[in-house]
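Visitor: predicted model and sequence below, questions to follow.
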Amino acid sequence: MIKYIIVDDESIAHDIIREYADLLPNLKFEGQCYDAIEAMQYLNKNEIDLMFLDINMPKLKGIDFLKTLTHPPKVILTTAYKEYALEGYELNVVDYLLKPFSFERFLKAIHKVVNASAKAETRTTPSIASTKEDSKRLFIKDDKRHIQINLEDIFYIEASGNYTKLILNSDIITTREKLSVIQDLLPANKFIKVHKSFIVAQKHIHSIEGNRIFIGIHTIPIGKVYKLNINKLLKK
């Protein structure tokens with residue numbers, strides 16, 4: 001569970017973030033602040049995992065406030081001014097949301113937070129890193145729904161026309177998201193692109209023969225330009 005607060009001087013910004021976050025079961029709202037001074041007082045008394053931080057606020061700008069924090073939580077900057085993006089990334093923020101932002105863009109930012117947390121856990125607790133990886137999930141938009149998927153259930157992912165199909169061990173999810181967008185959300189050590197239209201889960205590969213990969217009853221082609229990926233996999 002990711003505990004978060006919102007720091008923004010505009011009420012409508014609070015409402016939009018709360019509305020989006022309420023759609024995701026792994027986010028827990030902890031509090032809201034309308035300026036950096038209020039946020040500073042809150043952080044002195046409470047521990048959180050994530051802060052949605054506006055940049056252009058009265059009293060103290062979001063960037064300047066962030067510079068004062070010795071051990072800041074993970075931060076997603078929210079602003080209507082794109083010129084602050086570079087400075088924000090220099091402060092190691094997780095992501096930068098340019099207002100107004102869609103739910104899909106918000107969701108991508110949350111995935112970055114989840115992935116950043118997993119990497120930190122891997123560095124600090126390597127003995128249980130595999131367990132943490134096994135529990136990772138992502139949300140995929142299917143028509144008007146957002147479906148939460150356990151990464152361990154994915155056999156392979158296929159680009160098909162204007163759609164992308166996720167083949168699971170007991171289901172098939174179809175989405176309009178591009179294959180490249182989904183690939184960005186996947187851990188590179190568990191999934192491998194083997195064709196311009198296919199990404200496969202390494203753990204579910206049963207065998208590789210010639211230019212074909214076999215996963216259960218499924219046969220996936222290997223593209224010529226992706227042979228190197230397969231060679232690297234076989235040498236592990």
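Guide: Nice, thanks for sending it over. This is a predicted model, so every value here is computed, not measured. Numbering: from 1, shown residues only.

Visitor: so how far is stretch 11-25 from its chain's centroid?
Guide: Centroid separation for stretch 11-25 versus its chain: 17 Å, with Cα atoms, centre = their mean, to the nearest Å.

Visitor: and that stretch, what's buried?
Guide: Residues of stretch 11-25 classed as buried by neighbour count (16 or more other Cβ atoms under 10 Å): 13-14, 16-17, 20-21, 24. For the C-beta atoms, the positions are set from N, CA and C on the backbone; glycine is no exception.

Visitor: just give me the neighbour total for Tyr4.
Guide: When counting by other Cβ atoms under 10 Å, one arrives at 24 neighbours for Tyr4.

Visitor: show me the beta-bridge partners of it.
Guide: Beta-bridge partners for Tyr4, by DSSP bridges, are Phe29, Leu50.

Visitor: what's the span of stretch 197-210, first residue to last?
Guide: Taking Cα to Cα, to the nearest Å, the span from the opening residue of stretch 197-210 to its closing residue is 18 Å.

Visitor: do the same with stretch 46-62
Guide: End-to-end span of stretch 46-62 (Cα to Cα): 19 Å.

Visitor: now the element after the lowest-mean-pLDDT helix or strand in the chain, going C-ward?
Guide: For the chain, counting by mean pLDDT, DSSP states H and E, helix 129-134 ranks last in confidence among helices and strands (a mean of 37). Following the chain from helix 129-134 toward its C-terminal end, the next helix or strand by DSSP states H and E is strand 137-142.

Visitor: tell me the helix or strand right after that following strand.
Guide: Next along the chain after strand 137-142, taking DSSP H and E as the criterion, comes strand 145-150.

Visitor: tell me which stretches of the chain form helices.
Guide: Listed in chain order, the helices of the chain (DSSP state H) span residues 11-21, 36-45, 62-68, 85-90, 103-124, 129-134, 179-184, 227-234.
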